[in-house]
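Visitor: pasting the sequence and the predicted model now:
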There are 2 protein chains.
Amino acid sequence: MSDGGRSSPTRRPARGRPGTVGIKQVAQQAGVSPGTVSNVLNRPERVAAATRVRVEEAIKDLGFVRNGSASTLRAGQGRTIGLMVLDLGNPFFTEVARGVEDECSERGYAVILASSAASPEREGRNMLMLAEQRVRGVLITPVDDSAGRLDRLRERGVAAVMLDHIATQPHQCAVAVDDVAGGDMAVAHLLSRDARTIAYVTGPLSIRQCADRRAGARRALLAAGRPEDALRDVVAPTMTPRAGQQAAERLLADGPPPDAIFCANDLLAMGVLRALLLAGVDVPGDVALIGYDDIEFAAAAAVPLSSIRQPMYQLGRIATEMLLDECDNPAGHAHQQVMFQPELVVRESAP
Amino acid sequence: MSDGGRSSPTRRPARGRPGTVGIKQVAQQAGVSPGTVSNVLNRPERVAAATRVRVEEAIKDLGFVRNGSASTLRAGQGRTIGLMVLDLGNPFFTEVARGVEDECSERGYAVILASSAASPEREGRNMLMLAEQRVRGVLITPVDDSAGRLDRLRERGVAAVMLDHIATQPHQCAVAVDDVAGGDMAVAHLLSRDARTIAYVTGPLSIRQCADRRAGARRALLAAGRPEDALRDVVAPTMTPRAGQQAAERLLADGPPPDAIFCANDLLAMGVLRALLLAGVDVPGDVALIGYDDIEFAAAAAVPLSSIRQPMYQLGRIATEMLLDECDNPAGHAHQQVMFQPELVVRESAP
DNA sequence: CCGTGGGGTTGACACGTTTTAACCGTGCGG
DNA sequence: CCGCACGGTTAAAACGTGTCAACCCCACGG
C-alpha cells in the first residue's frame, strides 16, 4: 500500500545514534499519525484530550526529545537568540548576561554566547556564526558603530537590540543607561559636600561611556556656577584596578590632591582608593571618592565605595524582553530606545 | 529544461524571508550542481581549483550563509556545545566561561549558555533544551551529583565534561583543581609565619569545595604537629562579602582574635577584611588573612589579599579542549580526570 | 583501437519536523 | 432527505543540506 519505499535494499541505517527516537516512532507507539504528534507538541488545543494523553505517554515512555534542528529548518525560525558582549571579564557584562539568561530560560529560549573581546574581526566572525545558527535575534554591545552589520541582519529577518549603546538610527531598538545623568549625579553629590577641586579618573575618552560621564560631570559643574576646568581629567589606558592605582599615584605626585575624585568605573575606583590609603590620605576625610557601576565588590572595599548604580541585570532582562517581543510580532513592533536612569548609592567613601 | 518544477501553480513562496539564498542558488549562479557547492563547503580538497573559486565567488556575491539547522539535521551533528554553570554572578564561573568561549570561538564552535542557578529543577529544564538543540557536548558544573543525567546524555551520544567536580565514575571526563592541596598550601603558609591559632571562614560545608579546602587545612596542621582543633570553623550561610563580614564580627565578639584567618573564598575574605579593619585590627600585623580563588579584585583590596590562585580561565579552556577532542574522536578517546594544582599568591594580607 | 582507471561532478535521496489541504464521520438546519 | 459545517485526524509535500553511488571524460597502457 502507498508507495512502499521500505523494500529498498540500499536503505542505510540512520546516521545518528541507532536508538534515535523521532516523532514517527512516537506516532506508531501511540497509534496515531506523525502530524498529530506534531500538533500535540505545538498546538495541543487542536487535538482531542484522549489522543493527547496517549501521545504524551508515548513521548515519556520512549524518552522522545524533539529535534530542534529539524524544527527550525522546517518552521524557518527557532527559539534561539545570540548575545554578543564586549568583554566577559567585566562584571558589568556578566550581570547583563545573567539577566538575559534568566529571561530566556523562563521563556524557553536558548542563548548563544559570543564575545567580541573588543575586536571587530572577532565580532564579525561570531556574527557569521550566529547567522549560520539562524538565531531569531541578537543582543549586541557593538565594538564600533556596526550599524551596517545590524542592518544587514535585519534584512535577513534577524531582530537586533543594542545593549548599552544609543541607537544612531530610529528603526533600531536599544537599551542604555543615561551616562550623562550619571556623571552629573556623581559630581553634583560631590559639590554638595563642598568639594572645590575634583578629578575625573577615566578610561580612554574614545569609549562612549567615559566621554558621556565626563560630559555629565561638566554639566554639573556648570550648573553649580563653577568653571568647567574645575574638573581635572586623569586618563588611564585601561579600566582596571591596576590602572586606577597608577593614575592616582600620578595625580598625587603632581601637586596637592583634589577635594574629591570621580571615577568612570568601580574597578578604577578600587585602584584609586588603594593608592590614596597607601599615601596616607584619609577617605573621605581628605579626599571623597565616588565610583561608577556599583558592582558587588564596591560595597566590600576597605572604605565602602559610593557609586552610581546601573541596573545591569535589569538592562539584560528588558533588552531580552524587547527582543523577544519583536521576534514574536515583527510587524506590530515599535522600535524604541529605552534609557534607564542611574542611581546614586551613598556609602562611606563620599557620604 | 531539467525538471521544470517552476510551473507548478500551487508553489508557495519560501517560508523564510523571500530573498533567502541557499546552496542551490549558489550552484546555479556558479553553473554547478548543489552537491559541488556542498563539497566546496565541507571538503574543498575534492573539488578542482577552478570550480572552487567560481563557487566561492558566487557565495560572496550572493551573500550566502549556510543554514546550520539543515546542516545539523542532515549530518546528525552540529558545531555547538552547551555550558551549564552554577552561578553566573560568581567571577569564578565567568572566568571559566571566558576560557570556554575563547576556545570555542577559535575552533568555530558555538556555545549555548545555561545557568542552573543552583536549582536542580532549572538544571533539568535547561538540560532538556540543550538536548533539543542537539549539542555535541556539554560542559557542566553539576548542582548535585547528576551522574545519572550525564549517563543518559552519553547514551544519546552527547559527550560531557564535568567542571570543577571530580568524577564519580571512571568513564567520565572531568577537570578540577585540587582543593585539598589548596587548603593545605594556605594553612601551611600561615603556619610558616608562626600563626598558632587559625580560623577557617567558610560557606556551607555541604559544598564540596568548602569541605575539601578544610580537609587540606587540617592536613597542614597535622603535618606541622598541631592538633586538628587548632583550626576553628566559622560557617557563613552564603559565600558573599556581606556574609564574610558578619562571620568575622561574630568571631571577634567571641573572644580574642586568632593569629590568622583562612577564607574559603575571596568574596568572604573581602568581607572579613572589612570587619577586621573596622574593629581596628591590623592586617597582617594582628591577624594574617588569606583568601581563595585570587579573583581580580583580591589584589585591589584595601590590604591586597594573599590568596590561592586557581587557573579558572585555563580550566575552561582545557575542559573545552577535552570535550571537543571527545566529540571529534568518540571512539579513540580516553576519558581522563585532569586535576590542576592551585598556586599560592603572596600579598600583603599574609606576607 | 579498446579497455581501464581515476579525478571531478552530478542526481537523488534522506534527515525529522511543520504545515496544509484533504478526508471522514456526525449532527444539524433547511 | 440532502447538504453543510465542524472537530479531529491524516497523508504528503516541503525546508536546505550532506552523502554516496553512478556517471562522464580524458589519459594512458596494452
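Guide: Received the coordinates, thanks.

Visitor: only C-alpha atoms for contact and neighbour calcs from this point on.
Guide: Noted.

Visitor: contacts for stretch A:40-55 next, please.
Guide: A:26, A:27, A:30, A:36, A:37, A:39, A:56 (C-alpha atoms under 8 Å, 6 or more residues apart in numbering or on different chains).

Visitor: and these near DNA strand D, which?
Guide: Under the cut-off given by C-alpha under 7 Å from any atom of the strand, DNA strand D has residue A:36 from these close to it.

Visitor: can you say which of the contacts of stretch A:40-55 are buried?
Guide: Buried members of the contacts of stretch A:40-55, scored by 16 or more other C-alpha atoms under 10 Å in any protein chain shown, are A:26, A:27, A:30, A:36, A:37, A:56.

Visitor: and the second one, what does it touch?
Guide: What it means is residue A:27. So residue A:27 contacts A:33, A:34, A:36, A:37, A:55, A:58 (C-alpha under 8 Å, 6+ apart).

Visitor: can you rerun that using 6 Å?
Guide: Residue A:27 makes contact with A:33, A:34 under the criterion C-alpha atoms under 6 Å, 6 or more residues apart in numbering or on different chains.

Visitor: just to revisit the earlier point, what would the buried ones among the contacts of stretch A:40-55 look like in a markdown table with secondary structure, pLDDT and distance to DNA strand C?
Guide: Output for the buried ones among the contacts of stretch A:40-55, formatted as a markdown table (DSSP: H, G, I helix; E, B strand; the rest coil; pLDDT from 0 to 100; distance: C-alpha to the nearest atom of the strand, whole Å):
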| residue | secondary structure | pLDDT | distance to DNA strand C |
| --- | --- | --- | --- |
| A:26 | helix | 95 | 8 |
| A:27 | helix | 95 | 9 |
| A:30 | helix | 94 | 14 |
| A:36 | helix | 95 | 7 |
| A:37 | helix | 96 | 7 |
| A:56 | helix | 96 | 13 |
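
Visitor: returning to that earlier point: can you tell me which two in the contacts of stretch A:40-55 are farthest apart?
Guide: A:30 and A:39 (13.5 Å; C-alpha to C-alpha).

Visitor: give me phi/psi at the residue nearest to residue A:97 when sequence neighbours are not counted?
Guide: Using C-alpha to C-alpha, 6 or more residues apart in numbering or on different chains and skipping the chain neighbours, the partner closest in space to residue A:97 is residue A:316 (6.2 Å). Per-residue torsions, residue A:316: phi -60, psi -40 (degrees, to the nearest 10).

Visitor: count of residues packed around residue A:316?
Guide: Counted with other C-alpha atoms under 10 Å in any protein chain shown, residues neighbouring residue A:316 total 26.

Visitor: I'd assumed residue A:98 was in contact with it.
Guide: No: contact between residue A:316 and residue A:98 fails when scored by C-alpha atoms under 6 Å: they sit 7.2 Å apart.

Visitor: residue A:290 falls within a strand, correct?
Guide: Yes: Residue A:290 sits within a strand when classified using DSSP: H, G, I helix; E, B strand; the rest coil.

Visitor: relative to DNA strand C, how far out is it?
Guide: Distance of residue A:290 to DNA strand C, given as C-alpha to the nearest atom of the strand, to the nearest Å: 53 Å.

Visitor: where do the strands of the stretch 201-350 of chain A begin and end?
Guide: Along the stretch 201-350 of chain A, the segments classed as strands by DSSP state E, counting those that start in this stretch run A:231-235, A:260-263, A:288-293, A:306-309, A:337-340, A:343-345.

Visitor: chain B: which of those is closest?
Guide: Taking C-alpha to the nearest C-alpha, strand A:288-293 is the member of those nearest to chain B, at 14.1 Å.

Visitor: what's the mean pLDDT across that closest one?
Guide: For strand A:288-293, the mean per-residue pLDDT is 96.

Visitor: and the pLDDT for whatever residue of the stretch 1-150 of chain A ends up closest to DNA strand D?
Guide: Nearest to DNA strand D, among the residues of the stretch 1-150 of chain A, is residue A:74, at 3.2 Å (C-alpha to the nearest atom of the strand). The model reports residue A:74 with a pLDDT of 96.

Visitor: only the buried residues of the helix or strand hosting it, if you could.
Guide: Element membership of residue A:74 [criterion: DSSP states H and E] is helix A:68-75. For helix A:68-75, burial by neighbour count (16+ other C-alpha under 10 Å) applies to A:68, A:69, A:70, A:71, A:72, A:73.

Visitor: which helices and strands does that helix pack with?
Guide: Applying 3 or more C-alpha pairs under 6 Å, 6 or more residues apart in numbering or on different chains; DSSP states H and E, we find helix A:68-75 packed against helix B:68-75.

Visitor: so is the helix it packs on next to DNA strand C?
Guide: Yes: judged by C-alpha under 7 Å from any atom of the strand, helix B:68-75 comes into contact with DNA strand C at B:70, B:73, B:74.

Visitor: ok, of those residues, which one's closest to residue A:191?
Guide: Out of those, the member with the shortest distance to residue A:191 (by C-alpha to C-alpha) is residue B:70, at 61.2 Å.

Visitor: restrict the worst-scoring helix or strand of chain A on mean pLDDT to CA atoms and write it as PDB.
Guide: Lowest on mean pLDDT, DSSP states H and E among the helices and strands of chain A sits helix A:147-155, with a mean of 77. The C-alpha coordinates for helix A:147-155 follow below in PDB (Å, rounded to 0.1, in the frame of the first residue of the first chain):
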ATOM      1  CA  ALA A 147      25.000  50.000  12.200                       C
ATOM      2  CA  GLY A 148      25.700  48.500   8.800                       C
ATOM      3  CA  ARG A 149      26.100  45.000  10.100                       C
ATOM      4  CA  LEU A 150      22.900  45.300  12.000                       C
ATOM      5  CA  ASP A 151      21.000  46.500   9.000                       C
ATOM      6  CA  ARG A 152      22.200  43.500   7.000                       C
ATOM      7  CA  LEU A 153      21.000  41.300   9.800                       C
ATOM      8  CA  ARG A 154      17.600  43.000   9.800                       C
ATOM      9  CA  GLU A 155      17.300  42.300   6.100                       C
END
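
Visitor: show residues contacting that helix.
Guide: Outside helix A:147-155, not a single residue reaches it (C-alpha under 6 Å, 6+ apart).

Visitor: for it, what is the distance to the chain centroid?
Guide: 19 Å (C-alpha atoms, centre = their mean, to the nearest Å).

Visitor: which helix or strand lies directly C-terminal to that helix?
Guide: That would be, after helix A:147-155 and using DSSP H and E, strand A:159-163.

Visitor: determine the set of other helices and strands touching the very next helix or strand once past that following strand.
Guide: Using DSSP H and E, the helix or strand that follows strand A:159-163 in sequence is strand A:173-177. When contacts are defined as 3+ C-alpha pairs under 6 Å, 6+ apart, strand A:173-177 packs onto strand A:159-163, strand A:337-340.
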